[in-house]
Each structure stands twice: as structure tokens, then as C-alpha cells.
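>>> can you look at this prediction? I've put the sequence above it.
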Amino acid sequence: MNINLTLIGQAISLFIFVWFCMKYIWPPIINALQEREKRIADGLAAADAGQDKLVEADRRLVELVDEGKQKANEIIVQAQKRGDEILEEAKHAARVEGDRLIEAAQAEIERERTQARDELRQEVAVLALAGAERILMREVDRNAHDEILAGISAEL
Amino acid sequence: MAEGTPAGYIQHHLHNLTFGRHPDGSWGLAHSQQEATDMGFMAIHVDTMFWSVSLGILFLWLFRRIAVSISIENPGHLQSCIEAIVELVDKSVKETFHGKNPLIAPLALTLFVWIFLMNFMDLIPVDFIPHSTYLMGIPYMKVVPTTDVNATFGMAFAVFFLMIFYSIKVKGVGGFLGELAFQPFGKALVPVNLALELVSLFAKPLSLSLRLFGNLFAGELIFILIAALIPFWAQWTLSVPWAIFHVLVITLQAYIFMMLTIVYLSMSYETH
């Protein structure tokens, strides 16, 4: 158990080893460890951000679907309303058209009736004239009697 | 074996291979314990130096290899293992040492791994290397450097030197001496303070080195005793359990040495 130069030799060896370790071993290893730590932290942060985005996207999706549904409902309601309106309009138009047709028919009827009556009247006048001619058995001055006949036919 | 008796066997195992200056002035290997003692301070334990430096270089080579080829994305098994050690050391340093000093962490790593490797030599069966070298003509060979008090003191004194260096660097010479002289009892009792503080100051390297030396020396001695006193076919019944237990001891002692170094150096940075 002698104390001797070994003691100093050991101390010197230690200093040299520590110097080498400090210069060539510790920095690259610890840098790599820190770099990896940073990457892991970044990765986790990115994952968290992605998770948040997903949640946000889900929320947005539900919103959009709700909005779409609402819009679709509105459109359906509008369409129904519009349909009803069109139906009503068509009904109305049909009714108007019908009325018009009826009126026209009535007018036509009236016109034809008037025409028939006029014709009838004239025929009656002619017949009456013919009758009168036969009764009188002589020529009647047509011009003189036409006036009378027009008056008669106007009274008819 | 050098001598046939158990006592001689044990004695032989406890001697270092010493190279130094004989009392007559010539340099050479000591061929007996008496010769080694006669050399005094001007001698060197060749075996201790050889094994400790070899193991230190092994440590540096291994860690440097990993440091050069370190991969962030794809660490191999060895890299993971070394990263675990580095992280352990880094964590210990960060928890204990709050100053800013780029030396502390590499120092702690070097001490931890180096001491662990030196301690690990204890697990190699006691006669493998010494007997082989004896047959090669080398009279003594002690393969566990940490069972040599010179080695542990050498490291402890290196740490002690750093303690004082950083104390003075941080607090100045006045601050360092002031801490020794004016605490804990104030300026009235300087001699008492000085006596107390100096004892506690020198107790640090002593406890650091003697703890490591004591544990490893005792462990080595038990292996030697088992080898010396028990027939060869029964030795494993004791040496194997002791070796398994010793795995714990060598790791723990390396860790304690590292932790205490960090604590002592952090104390150098703290002003009371």
C-alpha cells in the first residue's frame, strides 16, 4: 500500500480523459439527444395541432351539414309554395279563360240569335209582303212599301 | 503461485507491479514487497497505470465511435445503451449542479464510466490475468486499478483540485479563504472555524477515495480469500454469488463517486 507516482499518473490520466470526453464525446452525443428531444416535442405538438384541426373540421362539417339541411328545407318549402302559387295561377287562368270562352260563346249565341232574328224578321217581312201581294193581287210599289216594311220589321 | 501457502498466495495477489528507483539509485522492477516499499514515492505501479489507461482508452474509443456515428432517427443497441448512460449522467448533473460549467458533465461521465470499467475488472476471475502474466515472467499483476489506493487518491485529488480551482474562480481568493475562516461561528472564532472547515474540506477527497478503495479492496480480497482457501471444485458456490452481488457494488460505487464529485463541485459554486 505504497503511495507513489501512480497517484499523479492517475490524476493526469483523468484530466486527459476528461478533456477528450469534453471535446470529442460529450457535445455530439448530448446535441443528438437534444435534437431528438426537440423532434419528438415538435412531433407531439404537430400531432396535437392535427387533433385540434380534426376537431375543428368535424365541427365545421356538422355545421355545413346542418346549414345544407336547412337550406334544402327552405328550398322545399319555397318550391311547395311556388307550386301552390302556380297551381292557383293556373286555376285562376283556367277560370278566366273559361269565363271568357263562356262569354264569347254567349256573345256568339247572342249574335247568332240576333242574326237569326233579323233574318227571321226579314223573311217574315218578305213573307208578309208576299202574303200582302197575294192578298192584294197586284203590284205593290216596292219602294213605297219598303219603308213601311222596315218600320214593321223594326217593331217586330 | 509465488508461494505455496494461502497466506503467500493472498500476499502475492495484493502486490502491485512496481517500477521505480531502487535505494541504490538504479531503476527497475521491484521483485519483492520490501523492494517496492524501499522505492518510496519515486515509483509507479505499472499494472495500475496500464489497466486504468487501457480501460480509459476503451471508454473513450467506444464513446467516440458512437459519438461520431450517432443517429437521431435510427439508434442501434449500443447507441441506445450509451445514450442511456449519458442521459443518466446529464440528469444527475442537471439536478445537482446549477451553475454553468461545460466541464462538469463530461467529468461526471468520464468518472462514472471509467470507474465502472476499472471496477468491472474485479469480476474477472482473480487468477486469470495475474497467473497468465506470472507465467510470462511478470512477478506481480493487480488488475483492478480501483483496489490501488493510488488510483482512487489520484482521482480524488484531481476532483479536489477542481473544487478549489472553481471555488477560487467563482468566489475569489478572499471569498474562498473567508469561507474557511469566518464560518460557521463568525469572525470572533477564526481558529475554531478554520480547524472545522479545513477538516471538512480535506475530508471530501479522503472520503471520496477511501470509500471507493475500501469497497473494491474488500470485494477483491473476498474473491482472493475464496480462491485461496476453498478447493477449486467448490469455489463457485461462493464466488458466483459474491460476483453477482458485486455487480451491484461496482456500479453503485462508480455512481457514488460521480454523484459526490458533482455535489462537491456544486458546493464550490455556492456561496453560503
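Good, I have the coordinates. Residues are numbered from 1 along each chain as shown, chains lettered A, B, ... in the order given.

>>> could you say what helices and strands the host helix or strand of A:Lys53 packs with?
For A:Lys53, the host element (DSSP states H and E) is helix A:26-136. With contacts taken as 3 or more Cβ pairs under 8 Å, 6 or more residues apart in numbering or on different chains; DSSP states H and E, helix A:26-136 sits against helix A:142-155, helix B:46-68, helix B:77-96, helix B:104-120. Placement of C-beta: from N, CA and C, glycine included.

>>> what's the angle from the third one to helix B:46-68?
Pointing back at helix B:77-96 there. Calculated by axes from the mean of the first three to the mean of the last three Cα atoms, to 10 degrees, helix B:77-96 forms an angle of 100 degrees with helix B:46-68.

>>> next, the buried residues of helix B:77-96.
Buried residues in helix B:77-96, counted by 16 or more other Cβ atoms under 10 Å in any protein chain shown: B:Gln79, B:Ile82, B:Glu83, B:Val86, B:Val89, B:Asp90, B:Ser92, B:Val93, B:Thr96.

>>> by proximity to chain B, which residue of chain A wins?
Taking Cβ to the nearest Cβ, chain B has its nearest neighbour within chain A at A:Gln10, 2.7 Å off.

>>> my guess is that residue contacts B:Ser52. True?
Yes: the pair A:Gln10 and B:Ser52 passes the contact test of Cβ atoms under 8 Å, sitting 6.4 Å apart.

>>> those two: who's more crowded?
B:Ser52 (30 against 27; other Cβ atoms under 10 Å in any protein chain shown).

>>> what residues are up against that one?
For B:Ser52, the contacting residues are A:Gln10, A:Ser13, B:Trp114, B:Met118, B:Pro145, B:Ala151, by Cβ atoms under 8 Å, 6 or more residues apart in numbering or on different chains.

>>> how about a cut-off of 10 Å?
By Cβ atoms under 10 Å, 6 or more residues apart in numbering or on different chains, the residues touching B:Ser52 are A:6, A:9-10, A:13-14, A:17, B:45, B:114-115, B:117-118, B:121, B:144-146, B:148, B:150-151, B:154-155.

>>> thinking again about what came up before, redo the buried residues of helix B:77-96 as a markdown table? Include distance to chain A and pLDDT.
As requested, the buried residues of helix B:77-96 are arranged in a markdown table below (distance: Cβ to the nearest Cβ, whole Å; pLDDT from 0 to 100):
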| residue | distance to chain A | pLDDT |
| --- | --- | --- |
| B:Gln79 | 9 | 91 |
| B:Ile82 | 7 | 93 |
| B:Glu83 | 6 | 92 |
| B:Val86 | 5 | 94 |
| B:Val89 | 9 | 95 |
| B:Asp90 | 6 | 93 |
| B:Ser92 | 13 | 93 |
| B:Val93 | 10 | 94 |
| B:Thr96 | 17 | 91 |
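
>>> identify the farthest-apart pair in those.
Greatest spatial distance in the buried residues of helix B:77-96: B:Gln79 and B:Thr96, 25.9 Å, computed using Cβ to Cβ.

>>> any idea how far B:Leu107 is from B:Arg21?
33 Å (Cβ to Cβ, to the nearest Å).

>>> list residues touching both of A:Gln10 and B:Ser52?
Here A:Gln10 and B:Ser52 have B:His45, B:Pro145, B:Asp148, B:Asn150, B:Ala151, B:Gly154, B:Met155 as joint contacts, going by Cβ under 10 Å, 6+ apart.

>>> now, which of those residues sits nearest chain A?
Distances from chain A to these, taken as Cβ to the nearest Cβ, are shortest for B:Gly154 (2.7 Å).

>>> and that closest one, how many neighbours?
B:Gly154: 26 surrounding residues under other Cβ under 10 Å.

>>> spit out the contact partners of the nearest residue to it once chain neighbours are set aside.
Nearest residue to B:Gly154, sequence neighbours excluded (Cβ to Cβ, 6 or more residues apart in numbering or on different chains): A:Gln10, at 2.7 Å. Listed by Cβ under 10 Å, 6+ apart, the contact partners of A:Gln10 are B:45, B:48-49, B:52-53, B:56, B:145, B:148, B:150-158.

>>> in ChimeraX, select just the buried ones from those.
Buried residues among the contacts of A:Gln10 (16+ other Cβ under 10 Å), as a ChimeraX selection:
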select /B:45,48,49,52,53,56,145,148,150,151,152,153,154,155,156,157,158
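
>>> residue ranges with poor pLDDT in the chain?
Just going to use chain A. Where chain A drops to pLDDT under 70, the residues are A:1, A:137-142, A:156.

>>> look at chain B instead
Across chain B, the ranges flagged by pLDDT under 70 are B:1-4, B:272.

>>> for it, longest helix please?
Criterion DSSP state H: the longest helix present in chain B is helix B:190-229.

>>> counting contacts, what elements does that one pack onto?
The contact analysis (3 or more Cβ pairs under 10 Å, 6 or more residues apart in numbering or on different chains; DSSP states H and E) places helix B:190-229 against helix B:6-13, helix B:104-120, helix B:149-181, helix B:235-269.

>>> ok, back up a step: can I get the buried residues of helix B:77-96 in CSV with distance to B:Ala30?
Below are those laid out as CSV (distance: Cβ to Cβ, whole Å):
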residue, distance to B:Ala30
B:Gln79, 44
B:Ile82, 39
B:Glu83, 44
B:Val86, 41
B:Val89, 38
B:Asp90, 43
B:Ser92, 40
B:Val93, 41
B:Thr96, 42
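
>>> enumerate every residue touching B:Phe232.
Residues counted as contacts of B:Phe232 (Cβ under 10 Å, 6+ apart) are B:Asp127.

>>> quick one: name the residues of the stretch 101-250 of chain B near chain A.
Selection of the stretch 101-250 of chain B residues close to chain A by Cβ under 10 Å from any Cβ of the partner chain yields B:102-111, B:113-114, B:145, B:148-162, B:209, B:213, B:217.
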